[in-house]
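**Student:** Pasted the sequence and its predicted model underneath.
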Amino acid sequence: MANLENYQRKINRGLNQAHAGAVSMTRPLDELRLIVLSDQHKGVRDGADDFQRCESAYLGALSYYLGAGFSLAVLGDVEELWENEAEPVLARYSAVLEVEKEFSRSGRYWRFYGNHDDDWSHPDLVDRLLGGIFAELPVWESLRLSLRDGDRLLGEVFLAHGHQGTTFSDRFGPLSRRIVRTFWRPFQRLTKVKTNSPSTDWQLRHEHDIAMYNWAAGRSRLILIAGHTHHAIFPSPRRIERLASALEEQRALSLDSPETRALRAELDAARAQEQPCYFNSGCCSFRDGQVTGIEIAEGQIRLVQWIASEAGPSRTVLDSADLAQVFEDTQAQAAPILLDMALDPQ
């Protein structure tokens, strides 16, 4: 338990620092049109490149949001710079960057850095490597987005990649990057093994998601939108229903397997959450080529999925909620969830 409490303290400290140093802006809720996409992990189109399968769906999504007047927030780990140098990645995905540049030209492009592309935390590297593509591009660690209804402050959307406070991704990021680039990337090239599904270490993933929820639940009228885990989260009764149904199907196959334990832990944690205060955009590097993201538009917050097919990319709304009501539901602080629920589900 001491280690789990220490993990929560590290996450709290990392998010507190990111929140204190965040860029701030205010927008009317009825005018905001925003899509949050994270964890593209663009590589160099080799066997270690997790984005290739998703490129078609991603470009289809960008085309839709560009035409619909959305702002685009790319929430970190946009380029896979633990495995690659930046220049060849940018060169091989110039078509994607050209579309993203259209958002930037109209002042609708918000770029964040994560642990796998924390090179962009250095303004000199941004100017040298991205400056030829995007004019005067700021890259943020985090953003505090206050939303108003007329003169009334509804609440704050806090956006950050989500690695803040983690040991290997945040504190020891340079060492982790060196290990990945030296050993893991050559192994991926030879074996074509992918790491682009939600973390295979479900215990660690649940531990992290619960810690993120606990941080957000300790604040009034704040919702946290993050990426990092590659695991889309949209807190709602529908999510609990889906998890319960998936667990029953999995139990029919195996009463005791990693998949069964993972679903049971996630369902228990979802039921224990008192507030809809933590959302996760998922990723743009799923093995099946799908892309997930979080939309805010028409006063709604939505979890969306994009899939490429022969007929073209298609968008599906997986879940949605009235954002003003979400803020009402988070106006009081909630009790934290014990992290050991993630490690020993009953």
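**Tutor:** Received the coordinates, thanks.
**Student:** which one's the longest helix in this protein?
**Tutor:** In the chain, taking DSSP state H as the definition, the longest helix is helix 2-20.
**Student:** starting at the chain centroid, how far to whichever helix or strand comes after that helix?
**Tutor:** Downstream of helix 2-20, the first helix or strand assigned by DSSP states H and E is strand 23-28. Strand 23-28 sits 20 Å away from the centroid of its parent chain (Cα atoms, centre = their mean, to the nearest Å).
**Student:** likewise stretch 35-54?
**Tutor:** 14 Å.
**Student:** Next, the distance between the ends of it.
**Tutor:** This stretch, stretch 35-54, spans 17 Å end to end (Cα to Cα, to the nearest Å).
**Student:** do the same with stretch 66-75
**Tutor:** 17 Å.
**Student:** Name the residues of that stretch that are buried.
**Tutor:** Buried residues in stretch 66-75, counted by 16 or more other Cβ atoms under 10 Å: L66, F70, S71, L72, A73, V74, L75. Using the backbone N, CA and C atoms, a C-beta is placed for each residue, glycine as well.
**Student:** and stretch 260-272, average pLDDT?
**Tutor:** For stretch 260-272, the mean per-residue pLDDT is 93.
**Student:** where does the stretch 1-150 of the chain have low pLDDT?
**Tutor:** 1-2 (pLDDT under 70).
**Student:** can you give me the helices in the protein?
**Tutor:** 2-20, 55-67, 86-92, 94-105, 123-125, 173-179, 185-191, 202-217, 237-253, 258-272, 323-329.
**Student:** now the shortest one: how far from the chain's centre is it?
**Tutor:** The chain centroid and the centroid of helix 123-125 are separated by 24 Å under Cα atoms, centre = their mean.
**Student:** and the longest helix of the chain, C-alpha only, in CSV?
**Tutor:** Taking Å, rounded to 0.1, in the frame of the first residue of the first chain, the C-alpha atoms of helix 2-20 are listed here in CSV:
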residue,chain,number,x,y,z
ALA,A,2,2.9,2.4,0.7
ASN,A,3,4.1,2.1,-2.9
LEU,A,4,0.6,2.9,-4.2
GLU,A,5,0.2,5.9,-1.9
ASN,A,6,3.6,7.1,-3.1
TYR,A,7,2.5,6.7,-6.7
GLN,A,8,-0.6,8.8,-6.1
ARG,A,9,1.6,11.5,-4.4
LYS,A,10,3.9,11.5,-7.5
ILE,A,11,0.9,11.9,-9.9
ASN,A,12,-0.5,14.6,-7.7
ARG,A,13,2.8,16.5,-7.6
GLY,A,14,3.3,16.2,-11.4
LEU,A,15,-0.3,17.3,-12.2
ASN,A,16,-0.2,20.1,-9.6
GLN,A,17,3.0,21.5,-11.3
ALA,A,18,1.5,21.2,-14.7
HIS,A,19,-1.7,22.9,-13.6
ALA,A,20,0.1,25.7,-11.9
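**Student:** Which other helices and strands does that helix contact?
**Tutor:** strand 142-149, strand 152-160, helix 202-217 (3 or more Cβ pairs under 8 Å, 6 or more residues apart in numbering; DSSP states H and E).
**Student:** Tell me which other helices or strands the first one touches.
**Tutor:** The criterion is 3+ Cβ pairs under 8 Å, 6+ apart, and the helices and strands that strand 142-149 contacts are helix 2-20, strand 23-28, strand 109-112, strand 152-160, helix 323-329.
**Student:** Buried residues in the first one, which are they?
**Tutor:** Pointing back at helix 2-20 there. For helix 2-20, burial by neighbour count (16+ other Cβ under 10 Å) applies to L4, Y7, Q8, K10, I11, N12, G14, L15, A18, H19.
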